[in-house]
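Visitor: show me how the following folds:
(2 chains)
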Amino acid sequence: MARPRCALLLFACFAALPRVAAADDIATEEEICRYRKEGDACTIGDRPGKCRAATCSRIDYSSGKPQAAERPCQQCVPDDATPTPPGPTATPTTPAATDPKAAGATPAADSKTSAPPAPAPAKKGCAVDDAQAGPAALLLVLMLARRRSARRRCQPRPQR
Amino acid sequence: MPAATAALIHGACLLAAVAWPLATYSLSLACFGLAHALVELRVLDQRIRPRLPRRAQLPIVAALAAVFAIRCAANLQWLPRAQAHALELLAGVATVLAVLPLARSRGAAARTTVIAVAAALVLGLLVSPLGTLLVLAVLHNLAPWPLLIDALPPQRRPQAWQRGAITWLAMPLLVLSGVPTAAATALGLAAPEAAPLPSGPLFDQFGAFVGPDPFASPQLALLAFSACVYLQCAHYVAVLGVLPRQGQPSLPRGTVPALLLLALPLLVLWWIDFAGARAWYGTIAGVHAWAEFPALLVLVSASSTTGRSRTTPG
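Guide: This next block holds a predicted model:
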């Protein structure tokens, strides 16, 4: 009896909560504004911002050969950013062009809105913060150096 | 599993991964994701937990509960994603360090392995938490390989190592070579963007695994994604099809079909909101993936003990 109850509870949790989620299992920041309206507050990294209409670049594989394409989307733009495009890749468009559902549009719908092949734009998508790579690399180098010096100390001296 | 059956199933996985990567990724995740995570957790609980001393079990359970809570908090937007990634990695380090007392008692090799794994995770935390989690998301698919070998009698293990090398190393490398994708395209089978579930375009799913920049190398990004999808399928086959029956105690007959049936109505949720369903599935998936770390380190400790007892005279 306990098992069906657990299953029911699990199903209820699963049914109630998905709409709240805003990103995938290992989240990328690109879906922050998926379920928010334009102008809603959002946070990107530690910076507060607002969801703004934008044009997102992507690669379309539907024709067999990878092609650059664009589609309307919403992106979280930090409040302290300049009012111009949120980053080198996204261009704000008119509000009418923005449909929150477009972010989850089917590939068929996307291919209709795809722009003609264009030169590949700069990368859009999840940004991996490499700001701390320097100290970490330094730490690694120090560890390796220490190990090497310890090894040298342990080597027997040649006897004369 | 007979070799011919295994070859047929993995061949089908490879074809599906290269011809319909998005469809295979989304459907396999929706149909088998939850069931495989629960089965693997049960197997680890039955087979590995008894090998751990009690004082190691509590911190591991606490750390796994923390992973679950962190992912829930991130989904509910109570916690920024960047902080969630870092906290999750810290909890992961805790699961590894909990095995250290056991590893110490098993010798220098086991102890060094545990410390090296913990150090690698800390380094990943310092360099790039998200990047580290994405790498782990790919590597986690290889976990059934040592688990299956552990479940076999010693005389069958060399063969299992070889089969595992084909399944988890050679096949993904074959996908990465681009030959199967080219063959599927030439045969008119390839439909990379085909998706039975509303998962969005293929491009949106590249973030699920680590891979090259799709703008700089679009074809390589597709091949890397296909290879990861193949690994995901191979993981599901091993966990749902082989692991429950191989080794002791085996799961009761009918457990896997029952769990798959349970997941069937949940398909509706994947249909309604793919990203949301994936995010909430990720709370359980994260727990099962981190549970593999202490489990594999217990196996490493056991093998180093075996090695020592073989080489130590008397």
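Visitor: just read off the phi/psi values of the residue of the stretch 201-314 of chain B found nearest chain A.
Guide: Nearest residue of the stretch 201-314 of chain B to chain A (C-beta to the nearest C-beta) works out as residue B:282 at 2.6 Å. Any C-beta I mention is one placed from the backbone N, CA and C, and that applies to glycine too. When quoted as degrees, to the nearest 10, the phi and psi of residue B:282 stand at phi -60, psi -20.
Visitor: count of neighbours near it?
Guide: 25 (other C-beta atoms under 10 Å in any protein chain shown).
Visitor: correct me, but it touches residue B:71?
Guide: Yes. Residue B:282 is within contact range of residue B:71, at 5.9 Å (criterion: C-beta atoms under 8 Å).
Visitor: what about residue B:298, distance to residue B:119?
Guide: For residue B:298, the distance to residue B:119 equals 19 Å [C-beta to C-beta, to the nearest Å].
Visitor: neighbour count for those two, which is higher?
Guide: Legend: neighbour count by other C-beta under 10 Å for residue B:298 and residue B:119, higher for residue B:298 (24 against 14).
Visitor: now the more buried one: how far from residue B:65?
Guide: Counting by C-beta to C-beta - residue B:298 and residue B:65 are separated by 19 Å.
Visitor: assign residue B:190 to helix, strand or coil.
Guide: With DSSP: H, G, I helix; E, B strand; the rest coil as the basis, residue B:190 sits in coil.
Visitor: for the closest residue to it other than its chain neighbours, what are its contacts?
Guide: Among residues not flanking residue B:190 along the chain, residue B:184 sits closest, at 4.5 Å (C-beta to C-beta, 6 or more residues apart in numbering or on different chains). Residues near residue B:184 by C-beta atoms under 8 Å, 6 or more residues apart in numbering or on different chains: B:15, B:18-19, B:190.
Visitor: any chance of those in CSV, plus pLDDT?
Guide: Converted to CSV, those look like this (pLDDT from 0 to 100):
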residue, pLDDT
B:15, 96
B:18, 96
B:19, 95
B:190, 91
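Visitor: give me the mean pLDDT for the longest strand anywhere in chain A.
Guide: Ranked by residue count and defined by DSSP state E, the top strand of chain A is strand A:47-60. Average pLDDT, strand A:47-60: 84.
Visitor: wait, does that strand contact chain B?
Guide: Yes. For strand A:47-60, a contact with chain B is found by C-beta under 8 Å from any C-beta of the partner chain, at A:57-60.
Visitor: got a ChimeraX select line for the buried ones in these?
Guide: Restricted to buried positions by 16 or more other C-beta atoms under 10 Å in any protein chain shown, the ChimeraX selection for the residues of strand A:47-60 next to chain B reads:
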select /A:57,58,59,60
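Visitor: burial measure for residue B:154, as a count.
Guide: Around residue B:154 there are 8 residues (other C-beta under 10 Å).
Visitor: just to revisit the earlier point, quick check, pLDDT for the residue nearest to residue B:190.
Guide: pLDDT for residue B:184: 94.
Visitor: how far away is it from residue B:197?
Guide: Between residue B:184 and residue B:197 the computed distance is 21 Å (C-beta to C-beta).
Visitor: please apply the same query to residue B:70.
Guide: 27 Å.
Visitor: neighbour count winner among these two?
Guide: Neighbours per residue, other C-beta under 10 Å: of residue B:70 and residue B:197, the larger number sits with residue B:70, 23 against 19.
Visitor: that one and residue B:80 touch, don't they?
Guide: No. Using C-beta under 8 Å, residue B:70 is not in contact with residue B:80, being 11.3 Å away.
Visitor: give me the common contacts of these two.
Guide: With C-beta under 8 Å, 6+ apart, residue B:70 and residue B:80 have no common neighbours.
Visitor: residues near residue B:179, how many?
Guide: For residue B:179, the neighbour count with other C-beta under 10 Å is 12.
Visitor: no, scratch that, I was asking about residue A:33
Guide: 26.
Visitor: what helix or strand is residue B:12 on?
Guide: In this structure, residue B:12 sits in helix B:3-19 according to DSSP states H and E.
Visitor: does any part of that helix sit near chain A?
Guide: No. Contact of helix B:3-19 with chain A (C-beta under 8 Å from any C-beta) is absent, the minimum separation being 11.9 Å.
Visitor: wait, what's in contact with residue B:87?
Guide: Going by C-beta under 8 Å, 6+ apart, residue B:87 touches B:66, B:70, B:79.
Visitor: mind redoing it with 10 Å?
Guide: Contacts of residue B:87 were listed using C-beta atoms under 10 Å, 6 or more residues apart in numbering or on different chains, and they are B:66-67, B:69-71, B:73-74, B:79, B:125, B:129.
Visitor: what mean pLDDT does stretch B:127-134 get?
Guide: Averaging pLDDT along stretch B:127-134 gives 88.
Visitor: tell me if that stretch is near chain A.
Guide: Yes. Using C-beta under 10 Å from any C-beta of the partner chain, we find that stretch B:127-134 touches chain A at B:127-134.
Visitor: and that stretch, which residues are buried?
Guide: So, applying 16+ other C-beta under 10 Å, buried residues of stretch B:127-134: B:127-134.
Visitor: could you check how far it is from the centre of its chain?
Guide: Per C-alpha atoms, centre = their mean, to the nearest Å, the displacement of stretch B:127-134 from the mean C-alpha position of its chain is 16 Å.
Visitor: what's the answer for stretch B:29-47, then?
Guide: Distance of stretch B:29-47 from the chain centroid (C-alpha atoms, centre = their mean) equals 10 Å.
Visitor: sorry, back to before: what separation do you get for the residue of the stretch 201-314 of chain B closest to chain A and residue B:34?
Guide: Distance from residue B:282 to residue B:34, counting by C-beta to C-beta: 11 Å.
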